[in-house]
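*Asks:* Predicted model and sequence below, questions to follow.
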Amino acid sequence: MMIIMRTDATAREITAVVERVEGMGLRAHISTGEERTVIGAIGDGRPVYKDQFMLMSGVDRVLPISRPYKLASREFRPQNSTFPLNGVQVGGAGVVLIAGPCSVENRSQLLETAHAVREAGAHALRGGVFKPRTSPYSFQGLGEEGLELLVEARQQTGLPIVTEVMREEQIALMTRYVDVLQIGARNMQNYALLHAVGESQHPVLLKRGMSATVEELLMAAEYILSHGNRRVILCERGIRTFETSTRNTTDINAIPVLKEMTHLPVILDPSHSTGNWSYVTSVARAAVAAGADGLIVEVHVRPDEAMSDGGQSLKPERFAELVRQVGAIAEAVGRSLAKHSAPSDQSHAAH
Ligand code: PEP
Ligand code: MN
C-alpha cells in the first residue's frame, strides 16, 4: 500500500504516518519526491485498512500497489532513481560505461586493461575474482589476491570497482574492497544472497537470470530494496532461447519494458548477451538507442590469452571505438555519456 502525503505535509505528519505503519507490524519505506513524500507500507500481505490512514492529517491519498514488486515499481517512485558512484551519476541523463576483463588474471593484465578503459572513457572497472564457471575445472578466479589488484587499479585510475559476489560469507570481505557488488545471472534467485547484499547497504549490480522473466528480475531487486538498500542497478545480459548463433539472445525489449516498470537504472551487458566480440558494439549501440542507462563491457588487452570469455572481449582500441559510437547514439536520443568525476574525486579513500 502507498500512502501519498499532501504537498504541504509537515515532517511531524510524515513521522506520525511512519509510526502508525510500523505499529501495525509493517515496514515503512519513504520515497521523497520533488513535490511530495510517498510512504510504502510493506508487509506480509495481510489486508490493511486504508481508512486508518486516510483520516490522518497530512495524508492525501492511499493506494494499493497492484504489482507483486512494490518498492521497485514506478508506482511507488515515479521519478528515476539515481545515485553517485565515485562522483559519476548512475541512472541520470548520462550513460555510464563499466568495462574491464571478465576475470582478474594477474597484475599486468588488470592494470593495463584498467588504464586502457579509463583512457577510452569508462566510468568504472569490472573484473571477476570469484568466478561462477560452468565447469569446476575452469579457472575459478584469484579470490582475495584479485581484490587487492582491483584496489591497486582503482588507486591508479580512479575508477570505482564492480565485481561479483558469489556467497554471503564473502560480503564482509568484499565491501571493504569494492564499490559495487555484482550478483551474477546464476545467482539472481539466490534469495539468501539477495537478502545479504540488501543488508550490506552496498551498491548492487543485479544481473537477469538466464531464464528469468523481467518480473522475476524485479522481484529479485525487491529483496534487496526491502532492506532499505536503494542503490540497485538492473542488468540485461541475454536470455536462453532456441537460437544458437549467439551465446544468449539479447532481450533488447527488456530495456524499454524495465524503464516503464521500474525507477531503477537499467544497463545492458552486450558481451554476455552476444558471446562474440564482433557483435558487441552493434548491440551496445542498440541498447543506448533503446534507453539503457549504461553498459557493462568485457575488455581484455590480449583476448587470445584470456582465462575466461576471451572470445567476447574487446581489445582496448575496439572499446574506444564503441565509446565513440555509443556517445553519438546517446546524443541522437537526447542523452550523453555520463560526466567523469572531477580529478579531486579520483583518489579513492584508502581501504
Ligand atoms: C560476468 O559478468 O563475468 C558473468 C559471469 O556474467 P553473467 O552472470 O551475466 O553470466
Ligand atoms: Mn564473463
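*Replies:* Yes, it's here. Ligands and ions are numbered 1, 2, ... in the order given.
*Asks:* in the chain, which helix has the most residues?
*Replies:* Under DSSP state H, the helix in the chain containing the largest number of residues is helix 316-332.
*Asks:* Quick one: end-to-end length of stretch 174-189, please.
*Replies:* Taking CA to CA, to the nearest Å as the measure, stretch 174-189 stretches 20 Å from start to finish.
*Asks:* With stretch 62-78 instead?
*Replies:* End-to-end distance of stretch 62-78 (CA to CA): 16 Å.
*Asks:* Return the set of buried residues in that stretch.
*Replies:* For stretch 62-78, a neighbour-count test (16 or more other CB atoms under 10 Å) marks 62, 65, 67, 69-73, 75-77 as buried. C-betas here are computed from N, CA, C, even on glycine.
*Asks:* Inside strands: which ones of those?
*Replies:* Of the buried residues of stretch 62-78, the ones assigned to strands by DSSP state E are residue 62.
*Asks:* residues in the stretch 51-200 of the chain within reach of ligand 2, list them.
*Replies:* residue 102 (CB under 5 Å from the ion).
*Asks:* Show me the strands in the stretch 251-351 of the chain, by range?
*Replies:* For the stretch 251-351 of the chain, the strands defined by DSSP state E, counting those that start in this stretch occupy 266-268, 294-298, 336-337.
*Asks:* among those, which is nearest residue 101?
*Replies:* Comparison of the strands of the stretch 251-351 of the chain against residue 101 by CB to CB identifies strand 294-298 as nearest, at 6.5 Å.
*Asks:* which residues does residue 4 contact?
*Replies:* The neighbourhood of residue 4, defined by CB atoms under 8 Å, 6 or more residues apart in numbering, consists of 36, 38, 59-63.
*Asks:* and the strands of the stretch 251-351 of the chain, which is most packed in?
*Replies:* Across the strands of the stretch 251-351 of the chain, averaging neighbours per residue (mean count of other CB atoms under 10 Å) puts strand 294-298 on top, at a mean of 28.
*Asks:* Show me what stretch 242-261 is in contact with.
*Replies:* By CB under 8 Å, 6+ apart, the list of residues contacting stretch 242-261 from outside reads 67, 72-74, 208, 210, 214, 217-218, 234, 236-241, 264, 266, 268, 270, 272-276, 279, 283, 286-287, 290-292, 312.
*Asks:* picking that back up, buried sites along the longest helix of the chain?
*Replies:* So helix 316-332, judged by 16+ other CB under 10 Å, has buried residues 316, 318-320, 322-323, 326-327, 329-330.
*Asks:* Check which helices and strands it is in contact with.
*Replies:* strand 94-100, helix 107-120, helix 277-289, strand 294-298, strand 336-337 (3 or more CB pairs under 8 Å, 6 or more residues apart in numbering; DSSP states H and E).
*Asks:* Make sure I have this right: residue 221 is in a strand.
*Replies:* No. Using DSSP: H, G, I helix; E, B strand; the rest coil, the assignment for residue 221 is helix, not a strand.
*Asks:* you'd agree it is up against residue 231?
*Replies:* No. The criterion here is CB atoms under 8 Å, and residue 221 misses it with residue 231 at 11.2 Å.
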